[in-house]
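In: build me a model:
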Amino acid sequence: MASVYLDGSWDDHGVHKMPGSAFAEVATSSLLKDSNMCVHHLGQSLIRIDGDEAGADTYFIAVLRRTVEDGQEILDQMGGRFVDRFRRHNGKWKISHRTCVREWSISHPVQQDWLIGMPFVNGERSGRDPSFLVLNIKHSGIPVHSASHEA
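Out: Okay, here's the model as predicted:
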């Protein structure tokens, strides 16, 4: 995640306002510690390019699943926009400044997982996830907590 940020970049992600590389570390550590699953769906983007500078407004929906103290699972959802400034450096576009704009958010208790027990391949936060093989990449090796998705 840190590789998308330019050296000296800034990320304003609500409660986290810090250099982009630091945000990448905080966000990744927090997600691994506090959630069972996290998905970001990126939507339409409006992009303006001016030489080696660019601005973009990109819609997103983020979904996180976490377990709270009593063992109840919660599904958190947020819709918003990434308002970014980019700079081309050594031929690569990187984020120089990101503002995460919140449009809405909601949390739901997970009453049941309607596909539990069905013959789907479940995503994993490890090298056993099918994407690592097809993309020919290695898992970072950062240990993650194991959490059941059964309700």
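
In: if Val39 is in a bridge, with which residues?
Out: When assigned by DSSP bridges, Val39 has beta-bridge partners Val63.

In: what number of residues lie near it?
Out: The tally of other residues near Val39 (other C-beta atoms under 10 Å) stands at 11. The way it works is simple: take the backbone N, C-alpha and C, and place the C-beta from them, glycine included.

In: which residues touch it?
Out: The contact partners of Val39, taken as C-beta atoms under 8 Å, 6 or more residues apart in numbering, are 62-64.

In: just the buried ones from those, in ChimeraX syntax?
Out: Of the contacts of Val39, the buried ones can be selected in ChimeraX as follows, counting by 16 or more other C-beta atoms under 10 Å:
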select :62,64
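
In: so how far is Ala54 from the spatially most central residue of the chain?
Out: The centroid of the chain falls nearest to His40 when counting by C-alpha atoms, centre = their mean (5.4 Å). With distances taken as C-beta to C-beta, to the nearest Å, His40 is found 20 Å from Ala54.

In: what pairs with the residue nearest to Asp12 when sequence neighbours are not counted across the strands?
Out: With C-beta to C-beta, 6 or more residues apart in numbering as the measure, Thr99 is the residue that lies nearest to Asp12, at 4.7 Å, once sequence neighbours are left out. With DSSP bridges applied, Thr99 shows beta-bridge pairing to Asp12, Val83.
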